[in-house]
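J.: everything below, folded, please.
(one chain, ligands or ions: 1)
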Amino acid sequence: MSLIITPLAAVIGAEIEGIDIVSGVDDKALARIRSALIEYQVVFFRDQKLSLDGLEEFSARLGPLLRVPYVEPVDGHQNVIAVLKEADEAQISIFGGEWHSDFSYLESPPSLTVLYAEDVPDGRGDTLWTNMYAAYEGLSDGFRRKLDRMRAMHSGHIYGAKRPRPTRLKTSQSMKIRRGNPEADEERSHPVVRVHPESGRRALFINPIYTTRFEGMGENESSPLLDTLYAEATRPEYTCRFEWRDGSVAVWDNRCTMHIAINDYDGFRRLLYRTTVGAERPVGLHENE
Ligand SMILES: [Fe+2]
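T.: Residues are numbered from 1 along each chain as shown. Reported below is the predicted structural model:
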């Protein structure tokens, strides 16, 4: 077996060919996938045929599965959620339709996410990822030194409500989203700059969906600086874009990326299955001083 790893863009994303991720992942292949994840932050596999059991098994090879609050799991698969929009659900917002890092509001957010495309429209519903190391490294020294010492608050409560939308723009009814979950609604503090435990690199760890404000500051006071950082973090040169096909799999590192799903597929059914792996409290630079 020879794995072929091809970068997709300048600073993020790579496609891995030459492996069946259900039957073909021996220890050596697993080590290569892990090192590609560290190097490229998000990796993609094409033409996989996964049952939900297979998706859970592959995900569990990468780390302990994490059951997340906020979305009901698939019947019989407590670790899998369905990311679904039906063809007749037009003109709605979608799950993940703004830049974010998955469930960053948890005390220990998921390290990795695995997403498998079961039934997706051709050429629509792409996902973009952005490299939050590059976002941090692109800032001036003075700005980085300030951010190194700051913390920000995250909450699941604001999802879809931060910028109220017209009624017709509700989130897809096919998503089994639970409201009022205390674990999701609590505001939690994380460092703005996070040190990745494996690469040792520093990454911005804020996002427009779940970050409410800086710790010790109000929302209105925080917004201008947060918006400046989001504009920097989503510069096209820091991103990659992936076109899903049935059988595509993406694995990404939530500790050093954000992602966004593009809502351009009204009239088409789109179904993916998702697991989350690992749970780590984000660690900043000055926590041990
Ligand atoms: Fe997401």
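
J.: which residues touch the closest residue to the ion within the stretch 51-200 of the chain?
T.: At 3.9 Å from the ion, residue 96 is the closest residue in the stretch 51-200 of the chain, using Cβ to the ion. Backbone N, C-alpha and C define where each C-beta goes, glycine included. By Cβ atoms under 8 Å, 6 or more residues apart in numbering, the residues touching residue 96 are 83, 127, 259-261.

J.: out of these, flag the one nearest to residue 44.
T.: residue 127 (10.0 Å; Cβ to Cβ).

J.: re earlier: can I get the contacts of residue 96 in CSV with distance to residue 272, neighbour count and pLDDT?
T.: Listed next are these as CSV, based on distance: Cβ to Cβ, whole Å; neighbours: other Cβ atoms under 10 Å; pLDDT from 0 to 100:
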residue, distance to residue 272, neighbour count, pLDDT
83, 4, 21, 91
127, 9, 21, 97
259, 12, 23, 98
260, 14, 22, 96
261, 9, 22, 93
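
J.: residue 235: which of the residues you listed is nearest?
T.: For the contacts of residue 96, the minimum distance to residue 235 (Cβ to Cβ) is 13.6 Å, reached by residue 260.

J.: state the distance from the nearest residue to the closest one once chain neighbours are set aside to residue 5.
T.: Closest residue to residue 260 apart from its sequence neighbours, by Cβ to Cβ, 6 or more residues apart in numbering: residue 99 at 4.7 Å. Plainly put, residue 99 is 26 Å away from residue 5 if you go by Cβ to Cβ, to the nearest Å.

J.: residues from the stretch 1-150 of the chain in reach of the ion?
T.: With the criterion set to Cβ under 5 Å from the ion, the stretch 1-150 of the chain comes near the ion through 96, 102.

J.: helices of the stretch 1-150 of the chain, residue ranges please.
T.: Remark: helices assigned in the stretch 1-150 of the chain by DSSP state H, counting those that start in this stretch are 27-40, 52-62, 132-137, 141-148.

J.: residues making contact with the first one?
T.: Same thing as helix 27-40. Residues external to helix 27-40 that are found in contact with it (Cβ under 8 Å, 6+ apart): 1, 3, 5, 7-8, 12-14, 16, 19, 25, 43, 61-62, 112, 198-199, 251-253.

J.: how about the contacts made by the residue nearest to residue 58 when sequence neighbours are not counted?
T.: Spatial nearest neighbour of residue 58, chain neighbours left out: residue 21 (5.0 Å); criterion: Cβ to Cβ, 6+ apart. Residues near residue 21 by Cβ under 8 Å, 6+ apart: 45, 48, 50, 58, 249.

J.: could you rerun that using 7 Å?
T.: The contact partners of residue 21, by Cβ atoms under 7 Å, 6 or more residues apart in numbering, come to 45, 48, 58, 249.

J.: can you check residue 116 too?
T.: Taking Cβ under 7 Å, 6+ apart as the test, what residue 116 contacts is 50, 55, 249, 272-273.

J.: ok, back up a step: and the residue of the stretch 51-200 of the chain closest to the ion, how far is that from residue 115?
T.: Residue 96 sits 10 Å away from residue 115, going by Cβ to Cβ.

J.: quick revisit: just the pLDDT for the residue nearest to residue 58.
T.: Looking at residue 21, its pLDDT is 95.

J.: quick one on the thing from earlier: so can I have a markdown table of the helices of the stretch 1-150 of the chain showing mean neighbour count and mean pLDDT?
T.: Converted to a markdown table, the helices of the stretch 1-150 of the chain look like this (neighbours: other Cβ atoms under 10 Å; pLDDT from 0 to 100):
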| stretch | mean neighbour count | mean pLDDT |
| --- | --- | --- |
| helix 27-40 | 16 | 97 |
| helix 52-62 | 18 | 97 |
| helix 132-137 | 23 | 98 |
| helix 141-148 | 14 | 98 |
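
J.: may I see the ones you listed organised as a markdown table, with distance to residue 74 added?
T.: Shown next, in a markdown table, are the helices of the stretch 1-150 of the chain (distance: least, Cβ to Cβ, whole Å):
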| stretch | distance to residue 74 |
| --- | --- |
| helix 27-40 | 24 |
| helix 52-62 | 6 |
| helix 132-137 | 29 |
| helix 141-148 | 39 |
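
J.: closest one to residue 243 among these?
T.: Checking the helices of the stretch 1-150 of the chain against residue 243 by Cβ to Cβ gives helix 27-40 as the closest, at 17.0 Å.
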